[in-house]
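>>> Have a look at this fold, sequence not included:
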């Protein structure tokens, strides 16, 4: 304050600073988004206007207008002769404006305005905090949206109802005044806007509704601390402005889309979703409990995806267990199960082999079964007449087409019994020792085994093996004593020899059926068929023919014209053309079915042998065949089996291999030599027999190394492989392609063809024998006693000897023995009789002998003469 004195001695208090109210400014920040992911944060200020209702004067929010202070009227004083002092200058502000003194009313009004402003600020802050709390809650937001939507819906319905009433009233009035024709026009021209109800607005506490004006709608009145009502700022309207006028060129697209309402953009919807998520981010998320399928091995990323968890959380748990892993590392099933259970999920363990579940041996609950034909396997020693017996039963002549007069393939045939008319399936197995695996396969798929024994030969090694196969398969046997037409046939000797192997026939008080037959004269063949039918009736063979087929691959080959061909014995169900089949690591769709007579059929029932065309590759002999529902399942099964096959092959190779040092040390210690071979055969069974026979030929010094073995003709790739390893190519009942034969001739690769397994094994045996180191054997010739040693110039020392026993030959190997100790081994360089060189000196004669590069000979020494012979070894 500044004190100024007037001529009347009155003091005026003038403020030195203008009094103002604090402006209502709200400051905040807004992040603007632009294209290409650019953003910018700007500061926004919101200034609100203050309105004061009633007749009270509004408080000034700016500095008062400067008013020049007028001096008061001077008080009359007596006249004096002295001149009065000039009045002091009135107070001014920095701008030179004269200030005036505020009255009491002005001061009280300003103080009350400041108090009201403070109370209003406190109330506004409280209301703003409550509003923020209400908006921050998800329930409040949803409730507000629902209330607003309900209010808009009710207002719209009320507005529509009033419009309809106004339209009806206008039509009635028009009918009364102008008639029916002009009623519609008048109704259309009637004002659509009618008295509309006020839309209720959600209000914060402390706000009441005021009287409604015609233009402004309801006003809101705020209640002060004392309860006094004072008008407040009306809420902002949510109504959207009218659509802007169409601008730009008029095109066909704009004309057609003129009435379309612009919908909400995807970006706007995403921003709203992000805002809602931001409001609800403080709430805990609901834990999702999943059933996690865990295979035998799984990587961390895949495990996290299956659990709907973050991979970093999985890695964190692994680190707590002391294991450091990356997101791409593979962990075992036990660790994955531990992690999943730690996170609260349930676990279902699966294995890669689960793809084969339900493929075979499915329990058939159907009662719709029917009898099936028995499967009979004919087994026995080589050249005992198995194939001849089958030819006699089938009225065929298979023997004439077999190379060497022996069976080298497994065959399946069907025979119709002349008495009962029922069919019997026969499987013919080779009798050679190399075909053990074929005989084992035949015993596994059979119902009855017929053991053929020649009456003139008796029980042989392969007969014993067949008995063991039948016992292992637990199938009944029927002994067929063949060749009883020969003069030296002795059936009783066969029965007696079978007793040594626990096979007791019925004639000797046992339970094994025996039949004396002659395939050449067709003797007792009907009796043999009758015994087979009786045995099958005892077994009560039944199956369900309407189910999907299952079977066993008896033989497989690669035909150049037809592709992979598999001989399959159907065991359960019915195999039809078009079925999707799986056998081992191969799959396919049945393109054709061919029976044992060479006829094409559409389906094959139980116990029917057929050739199946349509495989992607030749399956292994002995693989089980099954029909699957679709190709996806077939691919799963075959991929798993192929993977297992590769792993087994890699494990066997890794076991054979080692480091270079280990291989060199093994080579030094063992000195084993390899005989590289490439073998191609016509069918899988023959190839299996050849590989087994060659494997048995190996010894510690030499062995056959099979570079490649397969089914089918010899191709150019086989020749290229043989050239790289300097190997021989063997073809069993196959031939080389034209291009492969030309390449082999050009590169000097030897290709040998065989059709009898005896010859193949013998030739390989001879070739492997050539790799064996020869054996050295000493042959003693004679002894000589040194009588005197002569020193001859230009020759050296010559020993005068007498041959005591045997003979001495020039060039033979000699040993010098002194006091029963060998002091030198070498060769005899000179042998003289008197002055002549001789080739041999007999016992009792004297001669002169000289050694090569050795002269320390003494009288009384003994010379031992011998010859070294080289003997070639064989396997």
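Happy to help now that I have it. Everything quoted here is computed from the prediction, not taken from an experiment.
>>> what phi and what psi does the backbone show at the nearest residue to residue 682 once chain neighbours are set aside?
Nearest residue to residue 682 in three dimensions, chain neighbours excluded: residue 733, at 4.0 Å (C-beta to C-beta, 6 or more residues apart in numbering). Using the backbone N, CA and C atoms, a C-beta is placed for each residue, glycine as well. The phi/psi pair for residue 733 (degrees, to the nearest 10) reads phi 60, psi 20.
>>> I figured residue 733 was touching residue 681, is that so?
Yes. Counting by C-beta atoms under 8 Å, residue 681 is a contact partner of residue 733 at 6.6 Å.
>>> got any ranges where the stretch 751-875 of the chain has weak pLDDT?
Where the stretch 751-875 of the chain drops to pLDDT under 70, the residues are 875.
>>> now the helices: where do they sit in it?
For the stretch 751-875 of the chain, the helices defined by DSSP state H, counting those that start in this stretch cover 757-769.
>>> repeat for the stretch 551-700 of the chain
Remark: helices assigned in the stretch 551-700 of the chain by DSSP H, counting those that start in this stretch are 631-656, 660-670, 684-697.
>>> and these, which one's lowest on average pLDDT?
Lowest mean pLDDT of the helices of the stretch 551-700 of the chain: helix 660-670, a mean of 59.
>>> in the stretch 351-500 of the chain, which spans are helices?
For the stretch 351-500 of the chain, helices defined by DSSP H, counting those that start in this stretch occupy the ranges 386-394, 436-444, 461-473, 491-498.
>>> Now the third one: buried residues?
It refers to helix 461-473. For helix 461-473, burial by neighbour count (16 or more other C-beta atoms under 10 Å) applies to 462, 463, 464, 465, 466, 467, 469, 470, 473.
>>> which one of residue 733 and residue 681 has more residues nearby?
The residue with more neighbours, out of residue 733 and residue 681, is residue 681; 27 against 18, by other C-beta atoms under 10 Å.
>>> Correct me if wrong: that one contacts residue 735.
No. Using C-beta under 8 Å, residue 681 is not in contact with residue 735; the gap is 12.0 Å.
>>> name the helices or strands packed onto the helix of greatest length in the chain?
Taking DSSP state H as the criterion, the chain has its longest helix at helix 138-177. Helix 138-177 sits against helix 104-136, helix 183-189, helix 266-279, with contacts defined as 3 or more C-beta pairs under 8 Å, 6 or more residues apart in numbering; DSSP states H and E.
>>> so how far is the first one from its chain's centroid?
In terms of C-alpha atoms, centre = their mean, to the nearest Å, the centre of helix 104-136 is found 71 Å from the chain centre.
>>> what mean pLDDT does that helix have?
Average pLDDT, helix 104-136: 85.
>>> That helix - contacts with which helices or strands?
When contacts are defined as 3+ C-beta pairs under 8 Å, 6+ apart, helix 104-136 packs onto helix 138-177.
>>> Tell me the buried residues in the helix it packs on?
Across helix 138-177, burial judged by 16+ other C-beta under 10 Å covers 141, 159, 162, 163, 166, 167, 170, 171, 174, 175.
>>> Kindly indicate which of those lies nearest residue 702.
Closest approach to residue 702 among the buried residues of helix 138-177 (C-beta to C-beta): residue 141, at 88.9 Å.
>>> my read: residue 603 touches residue 576, true?
Yes. Using C-beta under 8 Å, residue 603 is in contact with residue 576, at 4.5 Å.
>>> The residue lying closest to residue 557 once chain neighbours are set aside: neighbour count?
Computed as C-beta to C-beta, 6+ apart, the closest residue to residue 557 that is not its neighbour in sequence is residue 683, at 4.3 Å. If you count neighbours by other C-beta under 10 Å, residue 683 ends up with 26.
>>> Same question for the one 5 residues further on.
Look at residue 688: counted by other C-beta under 10 Å, it has 21 neighbours.
>>> Please give me every residue in contact with the spatially closest residue to it that is not a sequence neighbour.
Once flanking residues are discounted, residue 688 sits nearest to residue 437: 5.3 Å by C-beta to C-beta, 6+ apart. By C-beta atoms under 8 Å, 6 or more residues apart in numbering, the residues touching residue 437 are 621, 622, 685, 688, 689, 692.
>>> Write a ChimeraX command that selects only the buried members of those.
What follows is the ChimeraX syntax for the buried subset of those, where burial is set by 16+ other C-beta under 10 Å:
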select :621,622,685,688,689
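>>> Pick the one among the contacts of residue 437 closest to residue 510.
Distances from residue 510 to these, taken by C-beta to C-beta, are shortest for residue 622, at 31.8 Å.
>>> if we can go back for a sec, who touches the residue nearest to residue 682 in this structure?
Contacts were defined as C-beta under 8 Å, 6+ apart; by that measure residue 733 touches 403, 681, 682, 686, 754, 755.
>>> What of residue 579?
By C-beta under 8 Å, 6+ apart, the contact set of residue 579 is 548, 549, 589, 590, 627.
>>> swap the cut-off to 7 Å and go again
549, 590, 627 (C-beta atoms under 7 Å, 6 or more residues apart in numbering).
>>> partners of the closest residue to the last one other than its chain neighbours in the sheet?
The shortest distance from residue 627 to any non-neighbouring residue, by C-beta to C-beta, 6+ apart, is to residue 548 (4.1 Å). Bridge pairing for residue 548 (DSSP bridges) gives the partners residue 574.
>>> count of residues packed around residue 548?
Residue 548 has 17 nearby residues by other C-beta under 10 Å.
>>> start the count at 27, not 1, going forward
Fine by me, first position is 27 from now on; the one you just mentioned is residue 574.
>>> my guess is it meets residue 599, correct?
Yes. When contacts are counted by C-beta atoms under 7 Å, residue 574 is listed as touching residue 599 (5.1 Å).
>>> Flag the shaky bits of the stretch 177-326 of the chain, pLDDT-wise.
Looking at the stretch 177-326 of the chain by pLDDT under 70, you get 203-276, 278-288, 304-312.
>>> Kindly recompute the last result at 50.
207, 209, 212, 215-258, 264-265 (pLDDT under 50).
>>> What's the biggest strand in the protein, counting residues?
Ranked by residue count and defined by DSSP state E, the top strand of the chain is strand 801-818.
>>> in it, what's buried?
Here strand 801-818 shows 807, 808, 809, 810, 811, 812, 815 as buried, counting by 16+ other C-beta under 10 Å.
>>> Burial check on the nearest residue to the first one once chain neighbours are set aside, number of neighbours?
Read it as residue 807. What sits nearest to residue 807 in space, not counting adjacent residues and going by C-beta to C-beta, 6+ apart, is residue 891, at 4.5 Å. Burial of residue 891 is recorded as 23 neighbouring residues (other C-beta under 10 Å).
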